[in-house]
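Trainee: Provide a 3D model corresponding to the input given below.
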Amino acid sequence: MEHVPTFSPLLDAHIPLYMQVYTYYKELITNGKLPPKTRLPSIRRCAQALSVSRTTAESAYLQLCADGYILSKPQSGYYVTDLYFHAPQTKPAAVKTHDPKIRYDFSSLSADRESFDFDLWRRYLKSALRQDERLLSYGEVQGEQDLREAVAQYVTEARGAVCTPERIVIGAGVQSLLHILCAVLGSGQSIAFRDKAFAQGIAIFRDHGFTICEDEAKAQLLYTSPSHMNRRGDIMSTPERIELLRSANARGATLIEDDYDNEFGYFSRSSPALQGLDGGRSVIYIGTFSKLLLPSIRLSFMILPDALIPRYRKIAPLYNQTASKTEQIALCRFIRDGRLTGQIRKIRRLYIQKTLYVKQIAERVFGEAVRTEVSETGFVVKAHLQTGLSPEALQLAAAKAGVAVYAERAADGVTLLLSGSGVPKDEVGKALEILRQICQIPANESARGVCESVLN
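Mentor: Sure thing, here's the model as predicted:
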């Protein structure tokens, strides 16, 4: 493998130029960045890359050879020797995306295997792949026109949004859209987040030069998820949404509405989107299909107010489309065939049944020590437990036992937030029994048979 330098060494008028090139390579070799047997570029290429003369590059190479850092192989080139190689003592820690020790995940919002028809989606993907000519070109920067038309119709009918295809921007996930939005808004503004748990969003705005404001009344921008305000799945009522709009308009603030989980309002009537209540004038709307389809299908969209469209048009050419063109084509037909509406009905039935099942088993396992309720979205069971453990200690002990769960402090103990989508139905009892033992709650005699059966 050949190493080609991509930048010039720092110039110092007091040090001969060939020695600066020599030092540049010497440090790369001794630091292990150029391992043994790495091929250095030819003298001509080195001179071009470092913007020095061939004589300078050749002098540096000869000095490196003389000191044993590299050797010359006739008719082949210059190679790094192993004379000064020292293996790194430690390797950079890899980012952990999944803990293999976790067997039961109550903290995840992953999809249930039964929630999605994989065979049906494959048929739509195959149909999209047959559009040969269309797939020969890069996707539209703003998203495929026919998909934006389908999304505009869907979000207008389902959420009461006010939009046209020209105001919709497609992206591979919410985070990719937020990067574009930050460029459209311009840095230097202050933004508040109602849900402080959205660490990824906070990091993106901070990295783009926005000031994270704790007091939303003083922020120029407010990021809110009214259909899923927090981990508990609380939903903002329509009167609260109207009041939020009035407050924001009165102080000239812009609302960013992340309409996450709007399809899952089981125990309350679906409240209209802030964007629709505002008449589409100033609210920035963000939606995603990942929850309705699969988390791995990264397709999200953003509706920009008319005032931001000129700014978007100016910066749009600087951003490539991140969403798969094939998946965009497939999703467009999926929506137009009415499959998305059917998918929403299907997962509503599935998740409410599974959530109620988790609630039922929790009451059996924990007995009188628990008080349960289902979140407004119907996706999370809130299990209030009487235990002396702190939320932090409970989460740590549960993780060591192979159970991922989120816990909050409560007046008389802790509240477990149990999302059953990531735990197979036939293993819910076993997972909850592990949590009961961790909390040192006496076994519920009426549930002993159930617990013994799932643990065996």
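Trainee: Residue ranges in this structure under the pLDDT threshold?
Mentor: Counting by pLDDT under 70, the chain has low-confidence residues at 1-14, 85-100, 109-111, 229-233, 261-270, 376-378, 444-456.
Trainee: domains for it, by residue range?
Mentor: As assigned by automatic domain parsing, the chain contains the domains 17-80, 104-108+347-455, 140-320.
Trainee: Format the ones you listed as CSV; extra columns: mean neighbour count.
Mentor: To be clear about C-beta, it is placed using only N, CA and C from the backbone, and glycine gets the same treatment. Output for the domains of the chain, formatted as CSV (neighbours: other C-beta atoms under 10 Å):
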stretch, mean neighbour count
domain 17-80, 17
domain 104-108+347-455, 19
domain 140-320, 18
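Trainee: Format these as a markdown table; extra columns: distance to R333.
Mentor: Shown next, in a markdown table, are the domains of the chain (distance: least, C-beta to C-beta, whole Å):
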| stretch | distance to R333 |
| --- | --- |
| domain 17-80 | 49 |
| domain 104-108+347-455 | 20 |
| domain 140-320 | 8 |
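Trainee: between those, which gets nearest to K126?
Mentor: Comparison of those against K126 by C-beta to C-beta identifies domain 140-320 as nearest, at 15.4 Å.
Trainee: Can you check which of the domains of the chain gets nearest to R339?
Mentor: Per C-beta to C-beta, nearest to R339 of those: domain 140-320, 9.9 Å.
Trainee: Now find how far off-centre the closest one is within its chain.
Mentor: 15 Å (C-alpha atoms, centre = their mean, to the nearest Å).
Trainee: any idea which helix or strand carries the residue nearest the centre of the chain?
Mentor: In the chain, the centroid-proximal residue (C-alpha atoms, centre = their mean) is Q175; its distance is 6.1 Å. Assigned by DSSP states H and E, Q175 belongs to helix 174-185.
Trainee: Check which element follows that helix along the chain.
Mentor: Using DSSP H and E, the helix or strand that follows helix 174-185 in sequence is strand 190-193.
Trainee: what packs against that next one?
Mentor: Here strand 190-193 touches helix 199-207, strand 211-212, strand 221-224, going by 3 or more C-beta pairs under 8 Å, 6 or more residues apart in numbering; DSSP states H and E.
Trainee: and the next element down the chain from the longest helix seen in the chain?
Mentor: The helix spanning the most residues in the chain, taking DSSP state H as the definition, is helix 339-366. Using DSSP H and E, the helix or strand that follows helix 339-366 in sequence is strand 370-374.
Trainee: Mind giving me the packing neighbours of whatever helix or strand comes next after that following strand?
Mentor: Next helix or strand after strand 370-374 toward the C-terminus (DSSP H and E): strand 381-385. Here strand 381-385 touches helix 339-366, strand 370-374, strand 413-418, going by 3+ C-beta pairs under 8 Å, 6+ apart.
Trainee: Could I get those in JSON lines, plus columns for distance to A383?
Mentor: Formatted as JSON lines, these follow (distance: least, C-beta to C-beta, whole Å):
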{"stretch": "helix 339-366", "distance to A383": "5"}
{"stretch": "strand 370-374", "distance to A383": "5"}
{"stretch": "strand 413-418", "distance to A383": "4"}
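Trainee: So which of those is nearest L83?
Mentor: strand 413-418 (58.2 Å).
Trainee: Paired strands for that closest one, with orientation please.
Mentor: If you go by DSSP bridges, strand 413-418 pairs up with strand 381-385 (antiparallel), strand 406-410 (antiparallel).
Trainee: mind checking which of those is nearest P424?
Mentor: Proximity to P424 (C-beta to C-beta) singles out strand 381-385 among the strands paired with strand 413-418, at 15.9 Å.
Trainee: Run the chain-centre distance for that closest one.
Mentor: 27 Å.
Trainee: which is the next helix or strand following it?
Mentor: Next in sequence after strand 381-385, counting helices and strands by DSSP H and E, comes helix 391-400.
Trainee: From the contact counts, what lies against whatever helix or strand comes next after that following helix?
Mentor: Note on helix 391-400: by DSSP H and E, the next helix or strand toward the C-terminus is strand 403-404. Applying 3+ C-beta pairs under 8 Å, 6+ apart, we find strand 403-404 packed against strand 104-105, helix 428-438.
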